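K.L.:
coords below, sequence missing:
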């Protein structure tokens, strides 16, 4: 595996301060390596978007980052902790190093400015020496990159289709050739055909330009196809992390298994769709012990009392936070892995 | 373009409605107002003028209401609004011609300045909440609750009269004659400072408030987060992303409330005896000068319609979505 | 026909529809609204008992001509020796009556015209909407002044009716925009699909969701009505011998109270108007914040730079 480009260490994000604070992301550690696609999956409310907005410090009030580090490793130069940057430093780092494609393509573009204006203003903000002509040329280049005719440059957002708008957002995200692109449900609002087109294009672009992607979605089977590694979030924590193939073949956490069974696989063998019973936990009243235990079909006696730690079960390439995979945690621990494998 | 055409069509319709209201109102006056006016004029009024007054007031009852209406419209088209009794024997149209420029200068300019300043302050107050910005709201709420004319009275007491820096009434010094000379212009400007500032203080707060609320609402839109994520300067996000979008509803609100604002502002002229249409309305009320009242109402309405149309053009230029769809 | 309705809708979003209808007047439960309501309550009480607690007959002349505030006359006297405090107290009633009556008349008209024009599709709806736009654009105050001066011997109630009948357009417009957006909601579509009658849908599905907007337009009209009545009285067009705050200012102005330095003659009435206006505005802010929850998130934090509080209370 290549060197890390973005390291999240023990990050916690709260909503509100003081005694009323609700912890939406709890002690999350995650590493994104140069050029890889890391998938982040979980139901809505699992904290995955909060994590993405929190680590880039874009979370609106009352969001507060309450602990941890987010270390960015530039191509050359010393690593920086994003959480320690002041405003001008942060502004400089944004988009040139880490760009974001947001959920909701419809509202991400400013409705009163032309597409070209919005592509150019980001170039202008980061490259003071650029000229209007050079910016326009770059904008045209970017539009071609995502397969949109350059005569659309002077269109307003409302004149573009949803798919086109999201492609403009992707073009914009690549404008400064960042090392990291965070994608927060970039295709959720689109129809399946458009979704497929955009994802294929994204894969090509990544091949060509070599940026790393943090891809956030609730659709785990999509991630399985797209990503190198996958992390699963539940109740504000990472509950399992493994490479994509491993996670698909052999999910260790019962929640991962449940997620896999909630979406039809895009290709490969068919699975029975069952979903997960119950609903995501209320962040203000988290269950004791493992947050998933009230919904877990395989909960046993330590689950309700003690919180399992994210740790490597047998090999070093993956980790899981589940008592089933802690040797000696309970009587059923021995045959857990085999039974999970058998079912998948 | 079709958007603008539809708006123009609507304003024509409104103008017609206003004219029609104007046609019916005097018909509700009990008795024979024309006769009493003619009596007051003591025979100095010629028969043509009396006829035109009868048309205005619907006293020529031997005609059907329809032919009365069409004769009335024809008379308006010729610009004949009857004779004023306050300024006998000047025709109403001439009286209005003298006073309208004053009102357009005072009320028109202050309305625009108030909108621009208020909107600008609203942007700041909405963007940086906390600190001094939080104090602005209670102060503006209080100021906007005071009737215009009362603040005018206070302003006169404090800043005009004996030893005050500003004149308390009139549009210019009695000593100078209206012309494009430095003397006249400086005198006119000096006379307009106090009424203008008073109008500004009370009318601005509404714009501050509504722009502030729109800024707060808009600053939670996705494209604002994107703008921050793009690493744009704070200024650029505030002006080109947040304020630029928040401005749209404020401009359409401006167009909608012009009628209200102008109505209130006109009364300021009364307090300052400013030689505009508002003060004339006041004089006409006292003298029961119905032709003048009608003429003033018509002229105010038409000016507001024109101002509305201009605000629509501004909206059209600001919102690309209207430009296309129409 | 008009300025895009979406703008009004954006400025005044509808509250959550289903489930929350029970607490119809929850929108009054904010700090601002309560402060405003308390002040208005005090003024309402004064308007009822003003006549009895007033120390003098407001029109009675005395020998204390144009005197400043003193123990005998707390707010001083007029050029005829009338007690200004008594005028203010007695005048409260007329102000409140005009506010209430015009507010009610205008709101009823606004609801009927606004909701009908929003709910009816086709020509009927468009026509009503055009009518309200016409009334919106025509400057109301000059029209009110002219009508009130033409009607002979106009009473306080008459003034209230004139104001009410000319100032409903704004409310109708906002209500129309809201109704249009409600009409497309699933639960209204569902009610229509199951064949419920139009009146039942309007009464049960739509009106309850408009309470906050209706209340806000009521309060807005009351502010406008009070200011209009006082303005009318101030320029000498008013209901006969009845006292209101504007009449006090009218006499103060016509007797040149300003030039004589009789500040007590016009300052208290103006302040009373400002206090009433401010408290009504406060109620409206409370409603606004309820209707548009985005306005509630105040505080010092700004979007775009999430604060980092490391090693805080954890």
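P.N.:
Everything's here; your move. Just so it is clear, the structure is predicted and the values come from calculations on it, not from any experiment. Numbers count the residues shown, from 1 in each chain, chains lettered A, B, ... in the order given.

K.L.:
Give me the neighbour count for residue 228.
P.N.:
In the absence of a named chain, chain A is used. Counted with other CB atoms under 10 Å in any protein chain shown, the neighbours of residue A:228 add up to 16. (Each C-beta comes from the backbone N, C-alpha and C, glycine too.)

K.L.:
Wait, chain B was what I had in mind.
P.N.:
Using other CB under 10 Å, residue B:228 is surrounded by 26 other residues.

K.L.:
Residue B:237 is in contact with that one, correct?
P.N.:
Yes: the pair residue B:228 and residue B:237 qualifies as a contact (CB atoms under 8 Å) at a distance of 6.1 Å.

K.L.:
Please list the residues of chain B that sit near chain A.
P.N.:
B:220-223, B:225-234, B:236, B:240-241, B:244-245, B:248, B:318-321, B:324 (CB under 8 Å from any CB of the partner chain).

K.L.:
tally of neighbours for residue 172?
P.N.:
Unless you meant another one, I'm taking chain A. By other CB under 10 Å, 26 other residues sit near residue A:172.

K.L.:
Chain C is the one I meant
P.N.:
Residue C:172 sits with 29 neighbouring residues when counted by other CB under 10 Å.

K.L.:
Which residue is the nearest non-sequential neighbour of the closest residue to chain B within the stretch 101-250 of chain A?
P.N.:
Taking CB to the nearest CB, chain B has its nearest neighbour within the stretch 101-250 of chain A at residue A:107, 3.9 Å off. Leaving out its chain neighbours, the residue that sits closest to residue A:107 by CB to CB, 6 or more residues apart in numbering or on different chains is residue B:222, at 3.9 Å.

K.L.:
Likewise for residue C:115?
P.N.:
Residue C:115's closest residue in space is residue C:179 (CB to CB, 6+ apart), at 5.0 Å.

K.L.:
ditto for residue A:312
P.N.:
Closest residue to residue A:312 apart from its sequence neighbours, by CB to CB, 6+ apart: residue A:319 at 4.9 Å.

K.L.:
Next step: the residues of chain B next to chain A restricted to helices.
P.N.:
Members of those lying in helices (criterion: DSSP state H): B:222-223, B:225-229, B:234, B:236, B:244-245, B:248, B:318, B:320-321, B:324.

K.L.:
Spit out the contact partners of residue A:39.
P.N.:
Contacts of residue A:39 were listed using CB atoms under 8 Å, 6 or more residues apart in numbering or on different chains, and they are A:215-217, A:220, A:223-224, A:226-227, A:229-231, A:244.

K.L.:
Including secondary structure, could the residues you listed go into a markdown table?
P.N.:
Output for these, formatted as a markdown table (DSSP: H, G, I helix; E, B strand; the rest coil):
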| residue | secondary structure |
| --- | --- |
| A:215 | strand |
| A:216 | strand |
| A:217 | strand |
| A:220 | helix |
| A:223 | helix |
| A:224 | helix |
| A:226 | helix |
| A:227 | coil |
| A:229 | strand |
| A:230 | strand |
| A:231 | strand |
| A:244 | helix |
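
K.L.:
and chain B, which of these reach it?
P.N.:
Counting by CB under 8 Å from any CB, no member of the contacts of residue A:39 reaches chain B.

K.L.:
Quick check: residue C:64 vs residue A:290, distance?
P.N.:
Plainly put, residue C:64 is 85 Å away from residue A:290 if you go by CB to CB, to the nearest Å.

K.L.:
And residue A:257, by the same measure?
P.N.:
Distance of residue A:257 to residue A:290, given as CB to CB: 15 Å.

K.L.:
Which of these two has more residues huddled nearby?
P.N.:
Higher neighbour count among residue A:257 and residue A:290: residue A:290, with 26 against 23, using other CB under 10 Å.

K.L.:
Contacts only, for that one.
P.N.:
By CB under 8 Å, 6+ apart, residue A:290 lies in contact with A:296, A:299, A:303-304, A:306-308, A:321-323.

K.L.:
just for the stretch 101-250 of chain A, where's the confidence low?
P.N.:
A:104-106 (pLDDT under 70).

K.L.:
Could I get the contacting residues of the residue nearest to residue A:312?
P.N.:
Going by CB under 8 Å, 6+ apart, residue A:319 touches A:240-242, A:310-313.

K.L.:
what bits of chain C have low per-residue confidence?
P.N.:
Ranges of chain C meeting pLDDT under 70: C:1-25, C:239-241, C:296-303, C:311-314.

K.L.:
Can you classify the closest residue to chain B within the stretch 51-200 of chain C as helix, strand or coil?
P.N.:
Closest residue of the stretch 51-200 of chain C to chain B, CB to the nearest CB: residue C:141 (3.0 Å). Of the three states, residue C:141 takes helix under three-state DSSP.

K.L.:
Which residue comes closest to it once chain neighbours are left out?
P.N.:
Nearest residue to residue C:141 in three dimensions, chain neighbours excluded: residue B:263, at 3.0 Å (CB to CB, 6+ apart).

K.L.:
Helices of the stretch 51-200 of chain B, residue ranges please.
P.N.:
Along the stretch 51-200 of chain B, the stretches classed as helices by DSSP state H, counting those that start in this stretch are B:65-77, B:92-103, B:109-127, B:132-145, B:148-159, B:182-218.

K.L.:
show me the contacts for residue C:233.
P.N.:
By CB under 8 Å, 6+ apart, the contact list for residue C:233 reads C:244-247, C:249-250.

K.L.:
Report the buried members of those.
P.N.:
Among these, those scoring as buried are C:244-247, C:249-250 (criterion: 16 or more other CB atoms under 10 Å in any protein chain shown).

K.L.:
Within reach of chain B, which of those are there?
P.N.:
residue C:249.

K.L.:
Next step: the buried ones among the contacts of residue C:233 restricted to helices.
P.N.:
C:245-247, C:249-250.

K.L.:
give me the residue from chain B nearest chain C.
P.N.:
Here the residue of chain B nearest chain C is residue B:145; by CB to the nearest CB that distance is 2.6 Å.

K.L.:
What pLDDT is listed against that residue?
P.N.:
What the model reports for residue B:145 is a pLDDT of 81.

K.L.:
OK, contacts around the residue nearest to it when sequence neighbours are not counted?
P.N.:
Nearest non-adjacent residue to residue B:145, counting by CB to CB, 6+ apart: residue C:277, 2.6 Å away. Going by CB under 8 Å, 6+ apart, residue C:277 touches B:144-146, C:223, C:226-227.

K.L.:
pretty sure residue B:155 is touching residue B:194, no?
P.N.:
Yes: under the criterion of CB under 8 Å, residue B:155 makes contact with residue B:194 at 5.4 Å.

K.L.:
picking up where we left off before, the residue nearest to residue C:115: what's it in contact with?
P.N.:
Residue C:179 makes contact with C:114-115, C:117-119, C:206, C:210 under the criterion CB under 8 Å, 6+ apart.

K.L.:
Contacts for stretch C:120-135 next, please.
P.N.:
Residues from elsewhere that reach stretch C:120-135, judged by CB under 8 Å, 6+ apart: B:10, B:13-14, B:17, C:1-2, C:113-114, C:116-119, C:166, C:168-169, C:172-173, C:176.

K.L.:
Kindly recompute the last result at 6 Å.
P.N.:
For stretch C:120-135, contacts defined as CB atoms under 6 Å, 6 or more residues apart in numbering or on different chains pick out B:14, B:17, C:1-2, C:113, C:117, C:169, C:172-173, C:176.

K.L.:
Closest one to chain A out of these, please.
P.N.:
Of the contacts of stretch C:120-135, the one sitting nearest to chain A (CB to the nearest CB) turns out to be residue C:2, at 19.9 Å.

K.L.:
give me phi/psi at residue A:237?
P.N.:
Recorded main-chain torsions at residue A:237 are phi -130, psi 160, according to degrees, to the nearest 10.

K.L.:
what about it, how many residues close to it?
P.N.:
Per other CB under 10 Å, the neighbour tally for residue A:237 reads 23.

K.L.:
wait, it sits on residue A:26?
P.N.:
Yes: Residue A:237 lies in contact with residue A:26 (CB atoms under 6 Å); the separation is 5.2 Å.
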